[in-house]
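S.K.: no sequence for this one, just the structure:
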C-alpha cells in the first residue's frame, strides 16, 4: 500500500501569559493566550520516528515567555510578528509559522474617582485577537474581536421570508436582536496603528449595530461591514460570524396576560448562524 | 426493611428571563436566571406515586414569566419575595420556598457620547445575585455578587507561613494577587434600598481589595469584610469565597534572562480556596 | 465597630493526580481530582496577617502527590482517610480536615479480544467520588457517584399533578425520562469493602431505574433509594440529586405528521431538579 | 466606496434531536446534534434587506425534525444526504448545502445479564460524526470521530529532538501518552456500509494506538493513519487532530521520594497539538 502524508503540522496551544510593566505612574497589565503552529517538511518524524528536525512544543512555550521578556508587547500584531519570525528559523523543516494571540481585557480600577496604580478588574467589550502567519515572504496579519455580546430591545424584525411546507415562524417587525460578534479583518498596508485601528473598528461596529432598523441579521452583518470599510481606511476586508441568540416571546395569553414585546425567554440552542465578508472592490 | 424519606424537595432551575421596559426616554433591560425550589411534605408523591400535591416544575417556569409580567422587577430581592410568597401558597404540602436569582449585567451603549435608547453590550463587574427563602414567617434575604474577577500586580505577598516536610514554596513579598470574588451578605432589617446597597457593597469590596498590602488572601478576605460592615450600615454579615488564581513567575533564568516580577504564567488548576464570614458582634 | 470572624477555612482545590502501578501482568491507572479543605482557628492570619499557623495550599498539593507515592491507593475512601489524618496534624490551628476525591473512569482497551497491558480509553458509567472529613474523632465517610447519565424511552409518565392558573403542561403516561444521577451515601460501620459496595450500589441504582413504571422523578428517586438500602446492607442512607433532562415531544402536527412519541427535542434549560434522602429508620 | 459581499452563508446550529424507534424486541435510541448551513446568492438579503429568497433558520430546524420523522435514520451519513438534498431545493439562491451531524453514544443497560428493552446509559468511546455537503453534483461525505480519549501508561517517549536556546525539556524514553482523538475521513466510493466502516476505523485506531512504541505523537498519528488505510479498503484518506494531554512527572525528590514514572500531574493547558492527513497515493 502506498500512502502520502499531507497537511502535517504541529504546535503549542493555550500558552497563558501575563506581562506586568512597572512604569513609574502605574503598572500596565497584558493578559494573553498564545497558540503557535508550524507547518513544513516533518516527514521524517511522522513516517520514521526521526525527531531531529522537530522543535519540542515545550520549547515553543518557553520561547513565548522569553520573547515576551526580551521585547515590549505593544500591539499583539507586532508581538505575533516577532514570534513568527523567530519560529520560521527554529528548525530546518519549518515552511510556515502561524501565531494566534487573544488578549483578555482588564480595566483599571477607579477608586475615589482616581485610576488605581496597580489594581484591575476584568473588562468587557470583547477580546482583541490577532493571527499572524508567515513563510518568509510578506506575512499575513489578521486582526479581530471575539465575544462581543450585544443586544437591541427593538429596531429589528424578520419579515417577508420564504415560506415552505415546514415554515411555522410568524413574521415580526419588532423583536430582540442579540448576538455574540466575532469579527476578523485584514489591513491594506503595513503602516498601521494596530491598537487605534482596533478601537475604531470596534466603535464603528457598535455604532452600526445600533443605528438602523435591522430587517435580518444578514442585513446587519453587511451594514456593519460597510460601515467599518467606510470609517477605517486601513481595513481591506472584514468577516463576521453572528450567532442569532434567539429571545422567544413567552406565550402569556394562556394565562390571560398580554405580552407586548416585554417578556422573553432567551435560548442557547439551537441558534441561527449568519456569516459573510465585506471587502473593498477594485471595480 | 423500614426506611424514612428526608430532605425531600424539588424545583425548576435555570429559568431564563429577559424583561424589556419601554419607557419613553429609553428601554430598560433586565436579564435574569431564576431557580425555584420547594420543600415540604411530598411523601405521597415520593413513596406512593400520588402526584395530587405536586406543582409541576413546568408550572413554576410559567409562573416566573407571568409574575415578571404582572409586577415590576425593581430589585431582584423584591421579585424574589413575590415569587416566594406565591409558591408558599402553591400547594398543600409546601413548607418552604426558596428562590435564587442571578442578574446578568448589560451596559447601555454610548454612541457619539450619548446613551443609546435601546442598544446594549454585556457589562462587567460581576453578576448581582439574591436568594430569598420563606416558610410563612419572616423570609430570609441574602444578597450577593458572583464572578467579580480582580487582580493586583503588586501589593501582595506570602511569607512566614508554616513549613513542613512537604513545603517547597519560597516566600515572597511581591506577587500577583488574582481572585474571582463570590460574596454573600444579609441585611439587618427590611427597610433596605437593595440596589443602592448592592452598589455600595461592590464599591467597598473593590476599594478594600486595592487599598492595602495583602500578606495573605485570608487577611484580604477579613479586611474586605470589615470594610463592608464599616461602610454599609445595613449589612449584618458578609461571607466570601475567594479562589487564589495563581500566577506563577516563569523561570527565565534557564535562558539567562532575569524575571523581576514581570512575566507570569496564570494557572487554572489547582487553586487555593479561601473562605470566611465577618459579622457584627453584639459584644 | 466590633466584628467576629466565622466559618474560616481554606484549602487547595482541583489537585489533579494520576498514579500508575506497574504490576507484572499489566499496569493499573488511577486518575483522581483531589480537593483539600481545613477549618479551625486561623484568626491570627485573617485578622492580623500573621501566617505562622497557616499551611500553604501549595504544601497541600505537594502532600497529595507525596502520600500517593508513599501509600497504595486502594479505595479513594482509604486514601482520603490517610490525607485527613495527615492534615489534622499539619498545623496548630487545624480543627477539622475535609478531603473530596473524584475518580475519573478509564477502561482497559481490548485488542483482539484480549485486555491490553497498558492502553486505556475513557470509561463511562459515572465517576466514583468520596468525601472524608475528620476532627480527630471518628471520621465521616461519604461515598458517591457523579455524572451517571441514564435515559428510558418509555415506562415513565407525569399525571394527576396539581393544576393552577399558570399550569399549561398536558398530562402524559408515556414520556422519555432522562437524568444525570448524582448520589451520595454513608455506611453503617467502618468494616466496609468500599470498592465492591460502590459497584453494588451503582448496579442497584441502574436496575431500579429500569425496573418500574415511573409516575414521577420523585417516585423513582425514592424507589432507587429503597432498592439500594435493600440490596446493600452496609449503606445507612442515600441521597440523590436528579435533574429532569426534559425531552419535549416535537410538534409535527403543524406539518401534517403524526408524532407518536418518536421525535423529541432534548433541552438543557430550564430543568426540573428533584432531591431527597432515603435512610434506614430505627422505628 | 465600492464593496463586494463574499462567502455569504447562514444556517441553524445545535439542533438537538432524539428519535425513538419502537421495535417489538426493544427500543432504539438515536441522539443527534445537527448543524445546517447554506451558501449561495443571498445578496439581496444582505445588501438590500429583501428577505424573499431566505429560508428562515427556524424552518431549517423544523425540517430536521420532520425529515427525521418521515425517513428512517440508519446511518447519519444517509440522513445527512437526505437533508442536503432537501435544502438544495429549499430556496432560489441556494448553491450549496452543508449538514454536520454528531451522534451521542448511548449504551443499552444490561440488567441481570440481559439487555434491557428501553433503558440506556451514556456510552463511551467517542461520538460518531459526519459532514455531508452538496451543490447538486456528487455530494461530499466526510465521516469522523470526536472525543475519543485514550492513554498509554508506557510505550511512549520523546527523544532526539531539536535543541535551541530556549529548550529545557529533558529527553525521555518512557512517558504517559494521552490524547483526545479527533479523526475525519472520506471514502473512495458511494457503496459504503457506513456504520460497519465507522466501527472498523475506530477499532483500528485503538489497535494502532496500542501496538507500537511511540517516539512522538507525530509518528503515532501517521502510524494510525496507515493502519486505517490498510485495514479499511473503503477509506481514501484520514486526518487526525491530536492534542498532547501532558502528564508531568511530579517532582518528589524534593521530599526524598523516588518517582519512577509513577506519580503524574495531568495538565490541561498549554497542550501540544499535532495534525496531519494520510492518504492513498496513486504513484
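M.R.: In hand now; what should we look at? Please read these numbers as outputs of a predicted model, since none were measured by experiment.
S.K.: which bits of chain A sit near chain C?
M.R.: A:165-166, A:168, A:254-255, A:268-269 (CB under 8 Å from any CB of the partner chain). (Glycine included, C-beta is placed from N, CA and C.)
S.K.: between the residues you listed, which has the most around it?
M.R.: Highest neighbour count within the residues of chain A next to chain C: residue A:166, with 23 neighbours (other CB atoms under 10 Å in any protein chain shown).
S.K.: Next up, the contacts around that residue.
M.R.: Neighbour list for residue A:166: C:255, D:59, D:62-63, D:66 [criterion: CB atoms under 8 Å, 6 or more residues apart in numbering or on different chains].
S.K.: Regarding it, what is its secondary structure?
M.R.: What DSSP: H, G, I helix; E, B strand; the rest coil gives for residue A:166 is coil.
S.K.: So residue A:220 lies in a helix, does it not?
M.R.: Yes: the assignment for residue A:220 is a helix, going by three-state DSSP.
S.K.: and of the residues of chain A next to chain C, the nearest to chain B?
M.R.: Within the residues of chain A next to chain C, the smallest distance to chain B is 5.1 Å, found for residue A:255 (CB to the nearest CB).
S.K.: Now do the closest one against residue B:57, distance only.
M.R.: Residue A:255 is 17 Å from residue B:57, where distance means CB to CB, to the nearest Å.
S.K.: got it, and residue A:148?
M.R.: Counting by CB to CB - residue A:148 and residue B:57 are separated by 35 Å.
S.K.: which of those two has more neighbours?
M.R.: For residue A:148 versus residue B:57, the count of surrounding residues by other CB under 10 Å is larger for residue B:57: 26 against 20.
S.K.: Dihedrals phi and psi, that one?
M.R.: Backbone torsions for residue B:57, taken as degrees, to the nearest 10, come to phi -60, psi -30.
S.K.: ok, now which ones touch it?
M.R.: Going by CB under 8 Å, 6+ apart, residue B:57 touches B:10-12, B:36, C:244, C:270, C:272-273.
S.K.: With neighbour count and secondary structure added, can I get those in JSON lines?
M.R.: Listed next are the contacts of residue B:57 as JSON lines, based on neighbours: other CB atoms under 10 Å in any protein chain shown; DSSP: H, G, I helix; E, B strand; the rest coil:
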{"residue": "B:10", "neighbour count": "27", "secondary structure": "strand"}
{"residue": "B:11", "neighbour count": "24", "secondary structure": "strand"}
{"residue": "B:12", "neighbour count": "26", "secondary structure": "strand"}
{"residue": "B:36", "neighbour count": "28", "secondary structure": "strand"}
{"residue": "C:244", "neighbour count": "23", "secondary structure": "strand"}
{"residue": "C:270", "neighbour count": "26", "secondary structure": "coil"}
{"residue": "C:272", "neighbour count": "23", "secondary structure": "strand"}
{"residue": "C:273", "neighbour count": "21", "secondary structure": "strand"}
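S.K.: Who are the contact partners of residue A:17?
M.R.: A:30-34, A:64-65, A:68, B:263-266.
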